[in-house]
Each structure stands twice: as C-alpha cells, then as structure tokens.
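Give me a 3D structure for the following:
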Amino acid sequence: MSSNEMPAGPSWPTLPSHRSWLDGESARLLDFGRTLDHPSGGAAWLDDTGELDLTRPVFTWITARMVHVQYLGALLGHPGSRRRADRLFDGLLTVLRDDRHDGWVESTDDATKSAYTHAFVVLAASTATAAGHPRGPALLAEALAVVDARFWDDRSGMCVDTWNADWSELDDYRGINANMHMVEAMLAAVDAGAPTVWRERAARICDSVIEWSEANDWRIPEHFTTEWEPLLEYNSDSPADQFKPYGATVGHGFEWSRLMLQVSLVATSARGHDHVDVARSLYRRAAADGWQEGSTPGFVYTTDWTGQPVVTQRLHWVLCEAIAAAATLLRWTGEGQYENDYRAWWDHAADCYVDRARGSWHHELDEHNAVATSVWGGKPDIYHAAQAVWISRYPTGSSLAAVLSGGMLDPR
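Numbering: from 1, shown residues only. Below is the predicted model of the structure:
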C-alpha cells in the first residue's frame with residue numbers, strides 16, 4: 001500500500017519516545033478491568049468498560065489468553081500481573097478442565113473439545129512455565145499430551161478440529177484457524193522447554209498452508225473437508241462468523257506472515273519453501289486486499305477469492321496483526337514499505353481503536369470507523385492488542401520469545 005522508500009527521520013521502532021509510548025500502552029492494557037475473575041473461576045468476559053459480563057459463560061480460550069498476557073506482563077515487571085495470572089491459571093486446573101474425560105471444555109456451558117481452545121491452553125501453560133509457576137510444566141506436559149493424542153494427525157501433518165465431550169466423535173470439519181494458533185502454541189511450548197518435535201510439527205503445518213495459499217494467489221483457504229480439500233464456499237450464507245467466516249480472512253494473512261518469519265528462526269521447510277519470501281507474499285496480499293482507502297480508511301474483515309470485500313466491519317484484531325507483521329518484516333528486511341505501513345497503522349490504531357475513555361481497544365468498528373457490535377460485543381480480552389504492542393517493542397514474531405530474550409533475537 002505504500003512506497004519502498006524509507007520515510008524521513010529515524011525508524012519508529014528505534015525511537016525512545018515511541019518505545020516509551022508502547023510501554024505505556026502495555027501498562028494501560030494490562031490494567032484493563034477492575035477484576036478479571038469470574039465467580040465460578042477462570043476469566044470472565046469483559047464489557048466495554050471492563051466490568052464482568054456474567055451473562056456469558058467462562059470460556060477456556062479467553063481464560064488461557066488472559067493467563068498468557070498477564071504472565072507476560074509479570075515477566076515485564078508490571079505490578080499486579082502475577083497475582084492476576086495466578087488466579088486465572090487456577091481456572092485451567094479446575095472449572096475448565098475435564099477430569100473425567102481429559103482435556104479442556106470450550107466453556108462452562110459447552111463440553112466439546114476443540115483444537116482452537118487447546119492451542120491456547122498450551123500457550124498459557126508455556127507462558128506460565130516461563131514465568132516460573134510451579135504447576136506450569138505439568139500443565140504444559142498434560143496439554144501437549146492431549147494435543148498429541150487427540151488433535152495431531154501425523155498422516156496429514158495437521159491438527160483435526162473438534163471432538164465431542166467424551167472424545168468418541170470427531171467432527172468432519174477441518175480448519176486453518178485452529179492450526180494457526182497451534183503453530184503459535186507449539187513454538188511457544190519449545191521456547192518454554194518442550195521437545196523440539198513441536199517445532200518440526202509447526203513447520204509441517206506451515207508447509208501445507210503455504211501450498212494452499214500459493215494456489216489461491218496468497219489468499220488462505222480457511223475451511224476443509226476431512227481429506228483436507230478446500231471448501232472455498234463454506235459459510236457463504238453466514239459470512240461474518242466470529243471463527244469460521246466465509247472467504248479469505250485478512251487478519252490471518254498477516255498473522256501467518258508473522259508466524260512464517262518466526263518459524264524461519266527455528267526450523268526449515270521439509271518441502272523447500274522459503275519462509276521469508278512466503279511471509280512477504282502473504283503480507284502483500286493481505287495489505288492489498290484488506291486496506292480500504294478513503295475518508296474513513298481501515299481493514300475489512302474478509303474478502304472473496306478475487307479480493308473484493310465481503311464483511312466490511314473492521315475488527316481490532318486484524319489491525320493488531322497487521323501492525324505485528326509490519327514490525328516483524330521491518331526487523332527482518334529493513335525495507336521502507338514496512339516502516340511506512342507500521343507508522344500508518346499505528347496512527348490508525350491511535351485515532352480509531354484505542355479507547356482512552358474506558359480502556360482497552362474498541363473490538364469492532366463499522367465501515368465509517370464508528371464503534372459497532374455486530375460481530376463482537378464488549379472487550380472480552382486484550383490478547384491481540386497486547387501482542388501488537390509487545391511485538392512492536394521486540395519485533396521477533398513471538399511475544400513470548402521476545403520477552404524472554406529481551407527482544408535480542410535476530411533473523412539468521
């Protein structure tokens with residue numbers, strides 16, 4: 001969307017004033033919500049003001065994401081984060097854990113078992129382990145054992161998606177979203193001391209995603225049959241689904257771009273793919289399709305397979321992933337287009353998404369950049385916004401690796 005020439009002046013990520021702003025935004029996000037604790041255990045869904053929304057159940061993925069960000073906050077020295085994280089961590093050991101059948105339920109109202117949710121349990125356990133929680137290593141080992149036994153399909157080199165409560169029925173649906181977060185979780189697990197086979201598995205998932213994406217002009221198919229055949233028209237009658245939208249999901253293009261760069265640091269492609277070149281291609285496609293110019297610019301949620309917008313609502317997590325990908329590619333390449341994008345998109349975040357009155361970020365805007373709630377209600381967690389801040393501060397592609405290393409990892 002912008003020139004390859006570097007903008008005038010020093011690079012933003014090196015400016016002390018910009019890094020100070022990021023630190024302040026990190027603290028502001030970590031403090032959102034007077035309490036995070038649901039009375040039943042785990043993390044509650046937060047409304048626009050940070051109050052508990054007790055009309056909703058306790059979701060394992062929200063609890064795990066908040067455990068992850070609060071332990072990272074503790075590692076960064078943010079007062080109060082450790083106590084918050086410890087209390088939420090207990091929910092993964094109690095109310096959200098299925099002691100009868102093993103694994104973790106979707107929520108206190110839904111006993112099914114999904115790869116998406118288990119990916120976040122692995123991520124939370126990895127960060128808890130890195131932060132020194134005494135039960136972190138055991139939880140990480142348990143969660144990885146469940147993933148290995150129930151979700152990892154070695155024949156396809158991918159994870160299956162959803163089981164019923166007692167693991168007796170596996171849904172035919174296969175999906176990319178859960179596998180994307182599994183890549184993130186597998187890499188974090190190894191950072192926290194898990195066996196390196198999980199890095200190899202993450203690279204195998206990436207190989208398949210690369211080939212499906214390249215065959216679709218770098219728009220990533222999201223939905224698949226049992227045999228991993230793309231279902232390009234899946235949910236065309238429900239295009240704005242929160243987790244399984246129709247078409248190409250712009251934010252996932254950016255997220256996969258960043259993950260490809262992260263994988264390039266620790267693994268090689270068994271099929272000979274260049275992860276950095278792939279990251280560039282995914283980023284370029286997501287930026288070209290997703291960013292809408294005009295008097296109220298912003299990223300759409302999804303497009304069709306020709307790049308035309310389908311769901312024009314603007315979700316905060318899409319912008320967060322765009323910022324994180326731009327920061328990471330700028331670190332890798334030093335190229336001006338990524339610096340330009342990084343500046344423009346942080347400006348957009350500050351102008352439209354950062355809620356200085358009530359805290360956190362608006363989770364959804366309409367096509368005119370007015371606050372909306374058609375896809376997301378409230379501000380359920382700070383995972384995406386916090387990671388955008390941390391990856392901008394330490395642009396290595398991974399918030400956990402960045403914090404543990406002090407941001408000193410360099411591309412090889």
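
drop to CA atoms for contacts and neighbour counts, all remaining ones
Will do.

Would you mind listing where the stretch 201-350 of the chain has pLDDT under the threshold?
Scanning the stretch 201-350 of the chain for pLDDT under 70 picks out no residues.

for it, what spans make up the strands?
223-224, 248-249, 291-292, 298-299, 302-303, 309-311, 314-315 (DSSP state E, counting those that start in this stretch).

Let me know which of those is tucked in deepest.
With neighbours taken as mean count of other Cα atoms under 10 Å, these reach their highest mean count in strand 248-249, at a mean of 28.

Pairing partners for that one, with directions?
Strand 248-249 has the following sheet partners, assigned by DSSP bridges: strand 302-303 (antiparallel).

which residues sit against the strand it pairs with?
P245, Y246, G247, A248, T249, V250, D289, G290, P309, V310, V311, T312 (Cα atoms under 8 Å, 6 or more residues apart in numbering).

Show me how far that strand is from its chain's centre.
Between the centre of strand 302-303 and the centre of its chain there are 18 Å (Cα atoms, centre = their mean, to the nearest Å).

So what's the residue count around A215?
12 (other Cα atoms under 10 Å).

Not counting residues beside it along the chain, what's closest to V310?
T303 (4.8 Å; Cα to Cα, 6 or more residues apart in numbering).

For that neighbour, name its beta-bridge partners.
A248, P309.

Likewise for W291?
F299.

Please name the residues that touch the closest residue to V160 other than its chain neighbours.
Distance criterion Cα to Cα, 6+ apart; nearest residue to V160, sequence neighbours excluded, is F151 at 5.1 Å. By Cα under 8 Å, 6+ apart, the contact set of F151 is A115, C159, V160, D161.

So for the nearest residue to the second one once chain neighbours are set aside, what pLDDT did the model give?
Here the nearest residue to C159 in space, its sequence neighbours aside, is W152; by Cα to Cα, 6+ apart that works out to 4.5 Å. Here, the pLDDT recorded for W152 equals 98.

Equivalent analysis for the one 3 residues further on, please.
What the model reports as pLDDT for R155 is 97.

Can you give me the buried ones in stretch 148-158?
Buried positions in stretch 148-158, judged by neighbour count with 16 or more other Cα atoms under 10 Å: R150, F151, W152, G157, M158.

And it, end to end?
Using Cα to Cα, to the nearest Å, one end of stretch 148-158 lies 11 Å from the other.

what's the spacing between it and its chain's center?
Worked out by Cα atoms, centre = their mean, stretch 148-158 lies 21 Å from the chain centre.

Repeat that for stretch 4-23.
For stretch 4-23, the distance to the chain centre is 24 Å (Cα atoms, centre = their mean).

With that, I have no additional questions.
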